[in-house]
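>>> Only the shape, not the letters, is given here:
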């Protein structure tokens, strides 16, 4: 029997996430991304469908590789303008009870000491429904705007990320003992100083001597997501991630990535199922196959292929404006998202991709596949993806917002539930417990467990 499927809604605090140009569609509401009520209504819709979480992407930079300019990104609305994802979450959490929130935040541009406080605050305000998608940033424009000459190399970024996480783990897990907060009105003692500890961290990139500013939140450490399937990214995920987000263009590529991630987790001393793997997909669902195909044709009338190549240029570090439409993409050394280059070059030896094919592929759904059909047809396809690749779930992007997500909730979810492939109600507790049913806190063999043992906490 196929295992139950996990589903996240995949969105971004911007006008054009993974379907550049679709903001022009008459039914699209993405131009309301600056209105908190738009996000509150989306959160309520997702919770109505028992969706696991809202996974919010982010970039701190602009896609300016294509044509060596940001003009195409600005014109098509390709992930710019883009607002902060974290500030959306408290309002959505107040309007829901179970929906999880995975927020993307880069280790490259913010010191871990204030960031750890931001995430603890978020975990408190969501009552333990916060997750952190750990990214290392791949847009050089972001580094330059923060006073850096350029971004670090791909592998250096992961070395920094490893230490960044160690600082955060120490702050979240070892700084405050479980019973440090007494809140004793009679004695006037709120927190026992003997049970609050500085972390005395001195490393290559960071020096943090003091204690965490926040008392322990429901999860202490938020659920750790990681988006990266390069060889270095896999090693990082194997040690740290609870959920890994990948964007494979085919089942062949995905099966390989899932197997490599699970093997890496075992090699790191963890169990293969300690990591949930989510594949990026876009689903266009309607009452019938014909209706869904008509929607796809309608959507393609508004899609921007230039916007699609603008995104792909940023993801891969390759200026597709210099490629002819019929030119086949070859593997190119890059300091951007190496797994994105690999997925379209050597991950599937049976397939080559021209510039025109990549533009058409990415115009709707970005660098993830698109499934089209009735709820029955799409459910068949999702089931096949799980059975053939061992993936655990999907990050579902929208084409027309919120129309795509409403169709998922109203049509696809009931079909999956009727097959026993998707939950009918949420598990209680924190996001971590909802996903893994193993309690609220990270435990061994995750590195946090060893850290607690070392400090006796």
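Thanks, I have the structure now. Owing to the predicted nature of the structure, the values given are computational and were not obtained by experimental measurement.
>>> State whether residue 45 is indeed within a helix.
Yes - counting by DSSP: H, G, I helix; E, B strand; the rest coil, residue 45 is located in a helix.
>>> quick one: low-confidence ranges for this protein?
Applying pLDDT under 70 to the chain picks out residues 1, 137-143, 146-152, 154, 228-229, 331-350.
>>> how about residue 359, phi and psi?
phi -60, psi -40 (degrees, to the nearest 10).
>>> got the contact list for residue 401?
Contacts of residue 401 were listed using CB atoms under 8 Å, 6 or more residues apart in numbering, and they are 11, 28-30, 42. All C-beta atoms are positioned from the backbone trio N, CA, C, and that covers glycine.
>>> separation between the nearest residue to residue 178 once chain neighbours are set aside and residue 364?
In space, and not counting its chain neighbours, residue 178 is closest to residue 216: 6.9 Å by CB to CB, 6 or more residues apart in numbering. Using CB to CB, to the nearest Å, one gets 43 Å for the distance from residue 216 to residue 364.
>>> So for the two, which residue has more residues nearby?
More crowded of residue 216 and residue 364, by other CB atoms under 10 Å: residue 364, with 24 against 20.
>>> from what I can see residue 113 touches residue 208, true?
Yes - the criterion here is CB atoms under 8 Å, and residue 113 meets it with residue 208 at 5.5 Å.
>>> Show me which of the two is the more surrounded one.
residue 208 (21 against 18).
>>> can you give me phi and psi for that one?
The phi/psi pair for residue 208 (degrees, to the nearest 10) reads phi -130, psi 100.
>>> quick one: it and residue 194, what's the gap?
From residue 208 over to residue 194 (counting by CB to CB), the distance is 21 Å.
>>> got any residues that touch both of residue 113 and residue 208?
Joint contacts of residue 113 and residue 208 (CB under 8 Å, 6+ apart) are 167, 171.
>>> Got the phi and psi for residue 185?
phi -70, psi -30.
>>> how many other residues sit next to it?
The number of residues packed near residue 185 is 8, by other CB under 10 Å.
>>> List the residues that contact the residue lying closest to residue 276 once chain neighbours are set aside.
Nearest residue to residue 276, sequence neighbours excluded (CB to CB, 6+ apart): residue 392, at 4.2 Å. When contacts are counted by CB under 8 Å, 6+ apart, residue 392 touches 3, 5-6, 276-278, 386.
>>> Max pairwise distance over those residues: which two?
3 and 278 (13.5 Å; CB to CB).
>>> Tell me the secondary structure at the nearest residue to residue 22 once chain neighbours are set aside.
Closest residue to residue 22 apart from its sequence neighbours, by CB to CB, 6+ apart: residue 302 at 5.3 Å. The three-state assignment at residue 302 reads coil, by three-state DSSP.
>>> How about residue 244: which residues does it bridge to?
residue 226, residue 277 (DSSP bridges).
>>> Hmm, it is touching residue 275, no?
Yes - Residue 244 is in contact with residue 275 according to CB under 8 Å; the separation is 5.6 Å.
>>> Now do the shared contacts for the two.
237, 261.
>>> So for these two, which sits in the more crowded spot?
Counting neighbours by other CB under 10 Å for residue 244 and for residue 275 shows that residue 244 has the greater number, 29 against 23.
>>> and residue 165, what helix or strand is that in?
Here residue 165, judged by DSSP states H and E, is contained in helix 154-169.
>>> which parts of that helix are buried?
154, 157-169 (16 or more other CB atoms under 10 Å).
>>> repeat for stretch 69-77
70, 72-73, 76-77.
>>> count of neighbours near the closest residue in space to residue 90 that isn't next to it in sequence?
Nearest non-adjacent residue to residue 90, counting by CB to CB, 6+ apart: residue 125, 4.8 Å away. Per other CB under 10 Å, the neighbour tally for residue 125 reads 16.
>>> Could you report the separation of residue 125 from residue 101?
As judged by CB to CB, residue 125 and residue 101 stand 10 Å apart.
>>> Now for these two: what residues contact both?
With CB under 8 Å, 6+ apart, residue 125 and residue 101 have common neighbours 89, 93.
>>> For the stretch 1-150 of the chain, which segments are assigned as helices?
With DSSP state H, counting those that start in this stretch as the criterion, the stretch 1-150 of the chain has helices at 36-48, 71-76, 89-94, 112-125, 140-145.
>>> Please state the backbone phi and psi of the residue nearest to residue 178?
Per degrees, to the nearest 10, the backbone of residue 216 is at phi -60, psi 130.
>>> Verify the stated contact: it with residue 176.
Yes - taking CB under 8 Å as the definition, residue 216 is a contact partner of residue 176 at 5.2 Å.
>>> from memory residue 446 sits against residue 271, does it?
No - applying CB under 8 Å as the test, residue 446 and residue 271 come out as separate, 10.4 Å apart.
>>> Name the residue in the two with the higher neighbour count.
Legend: neighbour count by other CB under 10 Å for residue 446 and residue 271, higher for residue 446 (21 against 10).
>>> which residue packs closest to that one, ignoring adjacent ones?
Closest to residue 446 by CB to CB, 6+ apart is residue 270, at 6.9 Å.
>>> Can you report how many residues lie near residue 300?
15.
>>> Settle this for me: it is touching residue 364, isn't it.
Yes - between residue 300 and residue 364 there is a contact at 6.8 Å, judged by CB under 8 Å.
>>> Next one: residue 453 from residue 174, what distance?
Separation of residue 453 from residue 174 (CB to CB): 10 Å.
>>> quick one, which of these two is more surrounded?
More neighbours surround residue 174 than the other of residue 453 and residue 174, with 21 against 10 (other CB under 10 Å).
>>> Fine by me, we can end here.
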